[in-house]
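Visitor: 3D, please:
(chains A and B)
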Amino acid sequence: MSAKETLEETYQKYVSWMKIYESAKERTQRDKNFAPKVIPPGKSKKTPYEHQIIADYFDQLYTEITELYILNIITTFERMVFNKIDNAYGVIKDIVTVEYNKRYSKKDKPAPLYHSAVSFIKVKEDIHNLSGARKVLEKQITEELSEDLKEIIEYRNWLSHGKRRNVGEASILTIEQIKEILMKIIDEIE
Amino acid sequence: MEFEEKLAKLAKINKDRSDQLERNKNIWIQEVNNLYKNIGNWFAEYIKKGYMSVDYDNLQVAECEEFLMNTQIMRLNLGGEQGPSVIFEPTGINIVGAMGKIDLYYRGHKDEGVFLLLFENGEKFHWEIWKSRKQQEDIMKFNEETLKKMIDEWLEKWIEI
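Guide: Next up is the predicted model:
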């Protein structure tokens, strides 16, 4: 499966979850007996405000499903990017091993540090996170995509570190926009 | 740069950052309260007639930045306390491109809500309605007219009157 197909598959799981969410929400509105089957007991007590409590619960579910899948899509993307970096390393290493050490006649001196040439190439272990990968990709993608990726990384950090101050930033990019940006980046780096 | 000079510079950077954060936090709380007050005034006549009510609720831990637990969610109840509600949920000041964000939505339909973003222009502040960061539509200023229009559209869509 290609990187784009894998990303699309992750997104389609989100779409499935949203359909399950929508149909459960709709059914609780039609059938009062259905709510206790999908909502914790404390949230589905019989009170005059029951419908409001259930609505609030579904609103929270919407936020949580969406945020979890935003994290999931970014994680999938990160895995794809690191695979590409690893593949690129293999190709670059082969080229450097063959080409850098080339001597056109026996009189030619070997290239400086030719025994260590391969160690000058970055490997995926040298790039610790997606921000590091973004720096590697900077010359490969447009400035706009690079800025969008920066925003996505900040958003991911904000979500995954408990929505705290000084750790990442929130964003109003939708999950669809995030998917679209990451797809464009994959197009650029493939 | 001398060692002491480095330390002094670092201390200044951290103090500036902390002052800025404190300033933004205070502005945010003040602007959210002003906004709630304005909305109350816009609908004062309907509230007086019993067509609408306002109440407040605490934010959920998972929904916002931790320091905002002291600010509240505002609920505009339409047609009385048990009627449908419009929710204003302030989620934080740590956001790309704006001073802060409130999620604005019709209760039970958060997936079709909008964002109220606070912007600073000199010493003045204003709110704008956004649907997403890369939206195609024009960005609307948030005021009495746009709020009434939005609530009216939501009622048309989800309630049979």
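
Visitor: hey, let's count contacts and neighbours off CA atoms from now on
Guide: Fine.

Visitor: What mean pLDDT does the helix or strand where B:L35 lies get?
Guide: Per DSSP states H and E, B:L35 falls inside helix B:3-42. Per-region confidence: helix B:3-42 scores 92 on mean pLDDT.

Visitor: do that helix and chain A meet?
Guide: No. Using C-alpha under 8 Å from any C-alpha of the partner chain, helix B:3-42 stays clear of chain A, with a minimum separation of 9.0 Å.

Visitor: Mind listing what's buried along that helix?
Guide: By neighbour count, with 16 or more other C-alpha atoms under 10 Å in any protein chain shown as the criterion, the buried positions of helix B:3-42 are B:21, B:24-25, B:27-29, B:31-32, B:35-36, B:39-40, B:42.

Visitor: from those, which single one is nearest chain A?
Guide: Set against chain A, the nearest of the buried residues of helix B:3-42 by C-alpha to the nearest C-alpha is B:L21 (9.0 Å).

Visitor: I'd like the distance from that closest one to A:D86, if you could.
Guide: Noted for B:L21: a distance of 40 Å to A:D86, by C-alpha to C-alpha, to the nearest Å.

Visitor: got it, and B:Q60?
Guide: Distance from B:Q60 to A:D86, by C-alpha to C-alpha: 42 Å.

Visitor: tell me which element A:E26 is part of?
Guide: With DSSP H and E as the test, A:E26 turns up in helix A:3-30.

Visitor: buried set for that helix?
Guide: Quick answer for helix A:3-30 (16+ other C-alpha under 10 Å): A:3-4, A:7-8, A:10-11, A:14, A:17-18, A:21, A:24-25, A:28.

Visitor: could I get the residues you listed as CSV with distance to A:K135 and pLDDT?
Guide: Converted to CSV, these look like this (distance: C-alpha to C-alpha, whole Å; pLDDT from 0 to 100):
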residue, distance to A:K135, pLDDT
A:A3, 20, 86
A:K4, 21, 91
A:L7, 21, 94
A:E8, 25, 96
A:T10, 25, 96
A:Y11, 26, 97
A:Y14, 29, 97
A:W17, 34, 97
A:M18, 34, 97
A:Y21, 38, 96
A:A24, 43, 95
A:K25, 43, 94
A:T28, 48, 91
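
Visitor: pLDDT below threshold where in chain B?
Guide: Applying pLDDT under 70 to chain B flags the ranges B:61-70.

Visitor: One more pass at 90, please.
Guide: Chain B contains residues with pLDDT under 90 at B:1, B:14, B:16-26, B:29, B:57-72, B:80-83, B:91-94, B:121-123, B:133-140, B:158-161.

Visitor: Report the central residue of chain B.
Guide: Computing the C-alpha centroid of chain B and ranking residues by C-alpha atoms, centre = their mean puts B:I102 first, at 2.9 Å.

Visitor: and that one, that one's in a strand?
Guide: Yes. Using DSSP: H, G, I helix; E, B strand; the rest coil, the assignment for B:I102 is a strand.

Visitor: Next one: it from chain A, what distance?
Guide: Remark: distance between B:I102 and chain A (C-alpha to the nearest C-alpha, to the nearest Å) = 11 Å.

Visitor: Quick check: that residue touching B:I87?
Guide: No. With contact defined as C-alpha atoms under 8 Å, B:I102 does not count as touching B:I87 (9.5 Å).

Visitor: Pull the number of nearby residues for the closest residue to B:I39 other than its chain neighbours.
Guide: Nearest residue to B:I39 in three dimensions, chain neighbours excluded: B:E144, at 7.4 Å (C-alpha to C-alpha, 6 or more residues apart in numbering or on different chains). Using other C-alpha atoms under 10 Å in any protein chain shown as the criterion, B:E144 is surrounded by 14 other residues.

Visitor: how far away is B:E144 from A:Q177?
Guide: Taking C-alpha to C-alpha, one finds B:E144 at 30 Å from A:Q177.

Visitor: And B:E22, by the same measure?
Guide: Taken as C-alpha to C-alpha, the span from B:E22 to A:Q177 is 32 Å.

Visitor: One more: A:S160?
Guide: For A:S160, the distance to A:Q177 - C-alpha to C-alpha - is 19 Å.

Visitor: Over to B:I47?
Guide: 39 Å.

Visitor: which of these two has more neighbours?
Guide: Neighbour count, other C-alpha under 10 Å: between B:I47 and A:Q177, B:I47 has more, with 19 against 16.

Visitor: Cheers, nothing more for now.
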